[in-house]
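Trainee: Structure for this input, please:
(chains A and B)
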Amino acid sequence: MEKIRVKVCMGPAGILAGGAQVLSAFEKELKDKKICVELKSGCSAHKVGCRGLCAKDVLVEVAIGDNKTSYQSIKPEMVQRIVEEHIIGGKPVAEWGEDQNYRNFFKKQVKVLLSDCGEIDPEDINAYIAVHGYEAATKVLTSMTPEETIKIVEDSGIRGRGGAGFPTGYKWKQCRRDPNEPKYIICNADEGDPGAFMDRAVIEGNPHSVIEGMIIGAYAIGSHDGYVYIRAEYPLAVERLEMAITQSRQAGFLGKNILGTGFDFDIKINLGAGAFVCGESTALMRSIEGKRGMPRPTPPRSVNKGLWGKPTVLNNVETFANIPYIIRNGAKWFASYGTEKSKGTKVFALTGKIKNPGLIEVPMGITMKEIIYDIGGGIDSGKKLKAVQTGGPSGGCIPASLMDIKVDFESLAEVGSIVGSGGMIVLDEDDCMVSMAKYFLQFTQDESCGKCVPCRIGTKRLYEILERITKGKGKENDIDLLQELGKDVADASLCGLGQSAPNPIISTIKYFREEYEAHIFHKKCPAKVCRDLVTYSIIEKVCKGCGACIRACPVNAISGEKKKPHKLNQETCIRCGSCFDVCKFKSVGRE
Amino acid sequence: MDSNMLKITINGVASEVPNGTTILEAAKLLDIHIPTLCHHPKLSVFGGCRLCIVEVKGGKRPVISCATPVADGMEVKTSTPRIEEIRKTIIELILSDHPNDCMICEKAGDCTLQELAYFYGIRENRFAGERRTYDKKDNNPFIERDMEKCILCGKCVSICDEIQGVGAIDFSYRGFNAKVCPPFEKDLNCEFCGQCVSVCPTGALTGKMWSYKGRQKDVREVDTICPYCGCGCSLTLHVRQNKVIRVSSKENTINEGWLCPKGRFGYSFIDSPERLKTPLIKENGKFREATWDEALDLIASKLKKIRSKHGPDSIGGLSSARCTNEENYIFQKFIRAAIGTNNVDHCARY
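Mentor: Next up, the predicted model:
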């Protein structure tokens, strides 16, 4: 009998969809049916990290020998049939297997750093080693000079995946050149953008790739101390990372005299305490030092004066995770993906009104259209695409009319957005762009550290102006005021948080000015989202008098006899929309 | 040319400055004024007020002059329409979250924020909105902390940490609600040196005993030396109607403008009814006022009497570390040469 491997997705969404129960169901079935008794180590069911198509979790892969079958939307009760028909009977359960949508989701993706994520058991170092893990680190430490290592990273053209897109090789080179010692290397895993979960998925799915990237980076710059600054809100990622560091240390990849080369390097984990601004490099370093996480002005740059005032390289999770693959496959191979200035692939967290929300990896330069329609499967509500918000609170909106845009650092910046860390939120006609901007400003003004005036007070005022607009109290010159203040906040703020905070406003005004005008001048919210600008009424001609709305209304604003048209009292109505949602006859109007 | 000197042109004026000079310092050398609220030459760079932004030729966005070192060949403009526009916005933003009660503010007339508001002609405010309001009053005896007037320049935090080495206050909360306060928002319980007060650019920190005693324009400044100890710090007394209403110290003094709580706040003895102005001699269990000659004669005669009856070693002298070196020298000389004993000591030995 051939080897049997069952992989159960236990990424964030996989766990929520019941991944653990599905896994134990498989374990039980395989045990009960005595399949594993015969095969011993040739049979296993194990957890894997995020497999990508979160919309169809729990995702399962059953491999019999080299024959792999993917299943989607698996629930514990479906396991028995898969084991009986597929594993024992040799005939996959076709109706639960991959369909056209599943194949499309993966078709245009190029998995580089995610190639092992979702395939291997993240809690087992041997699983990583089995897929050539730590080969790159071994090669670098035993047969390459730091300069050669940096050269490969530089030639690959990889740019920082944390948002700013600074060339990684150049950063390493600058740090290596600094004569001061000791040097530090930090992995930024303080992923805080709403709607972003790339770093989380990478650490939960393949933590060893990040560790290996850090070992290579440390060797290249001459550092012996590494830190991973990871947010405490990612308990599973922290757990798996801790586990991976321990295993890596036991295997001799971390610690003193790594692989007998005389090179020492170890990694500590620092937990973030919930401040978004600590994702900013200088604030992050201050936080590791035990100080309040507030950014400091640059220069001096971190590569010269970073952690404890010493030369420091700080890279994002995804950047480090790319490094082993670049070393193993070469700079040319990596640079063959992407565009002239944006090389390689990029992981995006695709969320919002999309049919296939999930974790995707695409070559830089792919068009937005391909991501949304080919990979994402289009809009799930069947409504029209309105915009795609990239880069979270630091990014901007790209309107539906610009979907042919290439997704790379330069092209997105040109239209007023950013690649950012990789959050991609899809918006449809039911989304109000003013509300969307307000949401992000509420976030940034709340997360501002309070150090510099433009960010501390400026973002607050921007938020207040947006709030009054959504409440129908917008003033005639509010759009101009938003633009003026937005520009000043962007130009004068101390760190990236404040400098990019106005982006959601500036880009939505640029592409959706008429929505702002409708709110301000006509006191209407075209998407019918802003509660204060929406009125509900009962269309008497259509109303059947079923009473559903009367029961749903939380403030007793609707009255009427059975089978007679109901009435809605505008003065009592709080515009919650409950009546609109419950009415089966579309007799509640919303204006 | 000295290789350590860098060329810089500010507002069209060329000069050379030593390597490591910031743009702000270079401008100061040329007598070019750049507004700032959070910069202090003796404290670490904070970079929070953003007022000192300048344009550097070839730069993407304005840079803050307090933190940006001069690079060779740099061309800087300290005032352009865009720079002034941003500065005006910053001041407006600060004022939009400020009580703006200059009429009754202790700091009026001596307030950097007020001065900036004046120079930028800010009366209307485009950004009126929510204002921080704090009910709690700090019950410490010396320092009035009106945090609604705080602009979070961080000078008080830095001076407390970097100069005084105390660290009694720091930033807490975040965003709009960020606030400088002692741990857990308790009442200030520190050395009360008042260094924080001396650097506060607004009326957020003032002396409690200063309140409603007079504005800066009404005072006569009298430079003197602190009488408390041998350090000899320079004081500037702020005198109004022949009364000391405040004490400060200037930066170009031996003590660099820093003072301790006694020097800064310990001046109420001046007008105290309990203050000793003449020597007192106790007769029949009661003190009576005497002249210095009379008192010194009395002490001399008593010391002589003791010495002739019990010998010089029956007398000892103890002096104070708070006296100057010269005073201490004279004192030991007197005990040794005039009294004739080596029984002389000094409180700093204990």
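
Trainee: What's the local residue count around the closest residue to chain B within the stretch 201-350 of chain A?
Mentor: Closest residue of the stretch 201-350 of chain A to chain B, Cβ to the nearest Cβ: A:Pro297 (3.6 Å). Bear in mind the C-beta positions are built from the backbone N, C-alpha and C, glycine included. Neighbours of A:Pro297 under the rule other Cβ atoms under 10 Å in any protein chain shown: 20.

Trainee: ditto for B:Gly20
Mentor: Per other Cβ under 10 Å, the neighbour tally for B:Gly20 reads 10.

Trainee: now swap in the one 3 residues further on and tell me
Mentor: Number of residues near B:Ile23 (other Cβ under 10 Å) recorded here: 27.

Trainee: And for B:Leu237?
Mentor: Neighbours of B:Leu237 (other Cβ under 10 Å): 18.

Trainee: That one belongs to a strand?
Mentor: Yes: assessed with DSSP: H, G, I helix; E, B strand; the rest coil, B:Leu237 lies in a strand.

Trainee: Mind jotting down where the helices sit in the stretch 151-300 of chain A?
Mentor: Applying DSSP state H, counting those that start in this stretch to the stretch 151-300 of chain A gives helices spanning A:168-177, A:198-205, A:207-221, A:235-250, A:281-288.

Trainee: For the residue of the stretch 201-350 of chain A closest to chain B, report the pLDDT, please.
Mentor: pLDDT for A:Pro297: 94.

Trainee: In the chain, where is pLDDT below threshold?
Mentor: Chain wasn't specified; assuming chain A. Scanning chain A for pLDDT under 70 picks out A:1, A:37-41.

Trainee: was after chain B, sorry
Mentor: Within chain B, the segments meeting pLDDT under 70 span B:1-3, B:350.

Trainee: and it, which residues reach chain A?
Mentor: B:45-50, B:53, B:61-62, B:64, B:66-69, B:85-86, B:89-90, B:93-94, B:96-97, B:126-127, B:129-130, B:151-152, B:154, B:170-171, B:173-178 (Cβ under 8 Å from any Cβ of the partner chain).

Trainee: quick one: which of those residues sit in strands?
Mentor: Of the residues of chain B next to chain A, the ones assigned to strands by DSSP state E are B:53, B:64, B:170-171.

Trainee: Tell me which two of those sit farthest apart.
Mentor: Spatially, the most separated pair among these is B:Ile53 and B:Asp170, at 26.0 Å (Cβ to Cβ).

Trainee: for the stretch 1-150 of chain B, what spans make up the strands?
Mentor: Assigned by DSSP state E, counting those that start in this stretch, the stretch 1-150 of chain B shows strands spanning B:5-10, B:13-18, B:53-56, B:63-64, B:74-77, B:143-145.

Trainee: Show residues contacting the fifth one.
Mentor: Among residues not part of strand B:74-77, those counted as contacts by Cβ atoms under 8 Å, 6 or more residues apart in numbering or on different chains are B:6-11, B:23, B:26-27, B:54-57, B:65, B:83.

Trainee: Repeat that for the shortest one.
Mentor: Contacts of strand B:63-64 with the rest of the structure, by Cβ under 8 Å, 6+ apart, involve A:297, B:23, B:47, B:50, B:52-54, B:56.

Trainee: try 6 Å
Mentor: Applying Cβ atoms under 6 Å, 6 or more residues apart in numbering or on different chains, the external contacts of strand B:63-64 come out as A:297, B:47, B:52-53, B:56.

Trainee: Pull the contacting residues for B:Gly48.
Mentor: A:451-452, B:38, B:154.

Trainee: Ignore what I typed, I meant B:Arg61.
Mentor: A:Asp491.

Trainee: Now do it against A:Pro454, distance only.
Mentor: As judged by Cβ to Cβ, to the nearest Å, B:Arg61 and A:Pro454 stand 12 Å apart.

Trainee: cool, and A:Glu447?
Mentor: Applying Cβ to Cβ to A:Glu447 and A:Pro454 gives a distance of 15 Å.

Trainee: From the neighbour counts alone, determine which of those two ranks first.
Mentor: Per other Cβ under 10 Å, whichever of A:Glu447 and A:Pro454 has more neighbours is A:Pro454, with 29 against 21.

Trainee: Check whether the more buried one really touches A:Val489, as I assumed.
Mentor: Yes: using Cβ atoms under 6 Å, A:Pro454 is in contact with A:Val489, at 4.5 Å.

Trainee: okay, and the common contacts of these two?
Mentor: Common neighbours of A:Pro454 and A:Val489 (Cβ under 6 Å, 6+ apart) are A:Gly498.

Trainee: pretty sure A:Gly589 belongs to a strand, no?
Mentor: Yes: remark: A:Gly589 belongs to a strand, assigned using three-state DSSP.

Trainee: mind giving me the domain ranges of chain B?
Mentor: Per automatic domain parsing, the structural domains of chain B span B:5-79, B:218-271, B:276-310, B:311-350.

Trainee: coming back round to it: show me what contacts the residue of the stretch 201-350 of chain A closest to chain B?
Mentor: Shown in contact with A:Pro297 (Cβ under 6 Å, 6+ apart): B:47, B:64, B:67.

Trainee: Mind putting these into TSV with neighbour count?
Mentor: What follows is the contacts of A:Pro297, written out as TSV (neighbours: other Cβ atoms under 10 Å in any protein chain shown):
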residue	neighbour count
B:Gly47	23
B:Ile64	27
B:Ala67	20
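
Trainee: Present those as TSV; the columns should include distance to B:Cys111.
Mentor: Listed next are those as TSV, based on distance: Cβ to Cβ, whole Å:
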residue	distance to B:Cys111
B:Gly47	22
B:Ile64	22
B:Ala67	24
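
Trainee: mind checking how far B:Arg288 is from chain A?
Mentor: Distance of B:Arg288 to chain A, computed by Cβ to the nearest Cβ, to the nearest Å: 61 Å.

Trainee: where does that residue land in three-state SS?
Mentor: With three-state DSSP as the criterion, B:Arg288 reads strand.

Trainee: Next: the one 5 residues further on.
Mentor: Reducing the assignment to helix, strand or coil with three-state DSSP, the entry for B:Asp293 is helix.

Trainee: how would you label the closest residue to chain B within the stretch 1-150 of chain A: helix, strand or coil?
Mentor: Nearest residue of the stretch 1-150 of chain A to chain B, counting by Cβ to the nearest Cβ: A:Ile150, 25.5 Å away. Of the three states, A:Ile150 takes helix under three-state DSSP.

Trainee: Counting neighbours, what do you get for A:Leu23?
Mentor: Neighbours of A:Leu23 using other Cβ under 10 Å come to 24.

Trainee: Then A:His522?
Mentor: Neighbourhood size, A:His522 [other Cβ under 10 Å]: 11.

Trainee: any idea whether B:Glu221 is helix, strand or coil?
Mentor: B:Glu221 ends up strand, using three-state DSSP.

Trainee: for the stretch 151-300 of chain B, what spans make up the helices?
Mentor: Under DSSP H, counting those that start in this stretch, the stretch 151-300 of chain B gives helices at B:155-158, B:195-199, B:261-265, B:292-310.

Trainee: ok, now the stretch 1-150 of chain B?
Mentor: Ranges of helices within the stretch 1-150 of chain B are B:23-29, B:81-96, B:112-119, based on DSSP H, counting those that start in this stretch.

Trainee: Quick one: work out the angle between the second one and helix B:112-119.
Mentor: Same thing as helix B:81-96. 130 degrees (axes from the mean of the first three to the mean of the last three Cα atoms, to 10 degrees).
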